[in-house]
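# 3D, please:
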Amino acid sequence: MFKKTLVTSAILATLTAQAAQAETFKVGMGDPMDSDQGALAQRFEELVEELSDGEMQVELFPGGQLGSETGMIQDTRIGKLDFALIGVGNLTPYAPRLGALTMPYAIRSHADAVKATTGTLADRWNAIAEEEAGVHIVSWLYSNFRYLTNSQRPVTTLEDIEGLKVRVPQNELMLATYEAWGASPISMSWPEVFTGLQQGVIDGQDNPYIVNYTMKFHEVQDYLTEVHYQYSLQPIVMGMRTYEKLSDEERAIIDRAGLEAQLYALQFQLTEASKARAGMEAEGVEVSTLEDEEEWVRIAKEEVWPEFYDEIGGQEAFEEMQTALGH
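Residues are numbered from 1 along each chain as shown. I've put the predicted structure just below:
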């Protein structure tokens, strides 16, 4: 009995010592755990801990516990926070050339999204992020297209969107895009959106299926249209100050875990988006597709793209990206 107690104590002491030696990394994100952000973050956590044999631990802080996405980006840049999972649009103020990924109809399919964030293009964005924003891109979350919902009428043509009060983030590119289509976009912070829809301050908003469903927009929106103008990409970033302090082995573990989690998140998105669409339809939402989407594309290319070329590194660089995507 005494020997058994000694063995147990020794094991506990060993585990305690290992835990004390383990390095813990914090990941901040805006969405709750039951979201695609949560799915990516959890898989990333599992992989880092597994690949490091427990010597690297990851702690997740969902639901904006560590502040806004802008605040979390700032904290990663100065080394106060290890990782932030954020929308790429919130990174563009620090790395404007990443805005190429948010241009309307720059990405037109899931295949485009994957091609744009792997291989040579992934290397390109990471180099820009490191140089301009001071962050290293560890992984990409594929959150699908931002589909338009509204409470007024089915939107199947450009004529249908005319005059609709559509909420957009504080993003000049998205404002310009909806204005070019004839809508009446209104900038509004995220926490105000549901109430704004309830009170009729805005008629609609756009977000991927999973967000639309988990935020229960079906309670205040009767119609959804699959508009493929912007693919929602959300990177996990680590400040270069922190990344460069890691050993070569630690950096390799972080990058491998990020890539494997990225592939997992893509499959999660494709599966869960279908469930979210079915859930919204079961709640009475009418889902439509555009009859004239090529006209939406034409307006974006002719009226919106030229206005923002200078902000995203120039027309030539953007056209190189389009060529790489086969457009």
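
# Strand partners (parallel or antiparallel) of the biggest strand by length in the chain?
Ranked by residue count and defined by DSSP state E, the top strand of the chain is strand 135-145. Under the criterion DSSP bridges, strand 135-145 sits next to strand 231-239 (antiparallel) in its sheet.

# Pull the residues that contact whichever helix or strand comes after the partner strand.
Where DSSP states H and E defines the elements, the next helix or strand beyond strand 231-239 is helix 240-243. Where contact means CB atoms under 8 Å, 6 or more residues apart in numbering, the residues beyond helix 240-243 that reach it are 76-79, 82, 130, 134-136, 251, 254. For glycine as for every other residue, the C-beta is placed from the backbone atoms N, C-alpha and C.

# can you give me the strands for the protein?
Using DSSP E, strands in the chain cover 23-29, 56-61, 83-85, 135-145, 147-150, 165-168, 184-187, 204-207, 223-226, 231-239, 286-289.

# winner for burial among the ones you listed?
Mean neighbour count (mean count of other CB atoms under 10 Å) peaks for strand 83-85 among the strands of the chain, with a mean of 29.

# residue contacts, the spatially most central residue of the chain?
Centroid-nearest residue in the chain: Gln234, 2.2 Å away (criterion: CA atoms, centre = their mean). Going by CB under 8 Å, 6+ apart, Gln234 touches 37, 40, 85-88, 140-141, 143.

# Skip the chain neighbours and tell me the closest residue to it.
Leaving aside its sequence neighbours, Gln234 sits nearest to Leu141 (CB to CB, 6 or more residues apart in numbering; 4.0 Å).

# Does Met188 touch Val166 like I think?
No - with contact defined as CB atoms under 8 Å, Met188 does not count as touching Val166 (9.9 Å).

# Overlap of the contact sets of these two?
Ile202.

# Which of the residues in stretch 245-252 are classified as buried?
246, 250-251 (16 or more other CB atoms under 10 Å).

# ditto for stretch 159-176
The neighbour-count check on stretch 159-176 (16+ other CB under 10 Å) flags 160-161, 164-169, 171, 173-176 as buried.

# just stretch 271-282 next, same as before
For stretch 271-282, a neighbour-count test (16+ other CB under 10 Å) marks 272-273, 276-277, 279-280 as buried.

# And stretch 256-265, by the same measure?
Using 16+ other CB under 10 Å as the burial criterion, the residues of stretch 256-265 that qualify are 257-262, 264-265.

# Which pair of those residues spans the longest distance?
Among the buried residues of stretch 256-265, the pair separated by the greatest distance (CB to CB) is Ala257 and Ala265, at 12.1 Å.

# so what sits against both of those two?
Ser139.

# who touches Arg124 in this structure?
Contacts of Arg124 by CB under 8 Å, 6+ apart: none found.

# Please report the distance of the residue lying closest to Ala116 once chain neighbours are set aside from His327.
Closest residue to Ala116 apart from its sequence neighbours, by CB to CB, 6+ apart: Ile107 at 5.9 Å. Distance, Ile107 to His327, by CB to CB, to the nearest Å: 9 Å.

# Settle it for me: which of these two has more neighbours?
Legend: neighbour count by other CB atoms under 10 Å for Ile107 and His327, higher for Ile107 (28 against 13).
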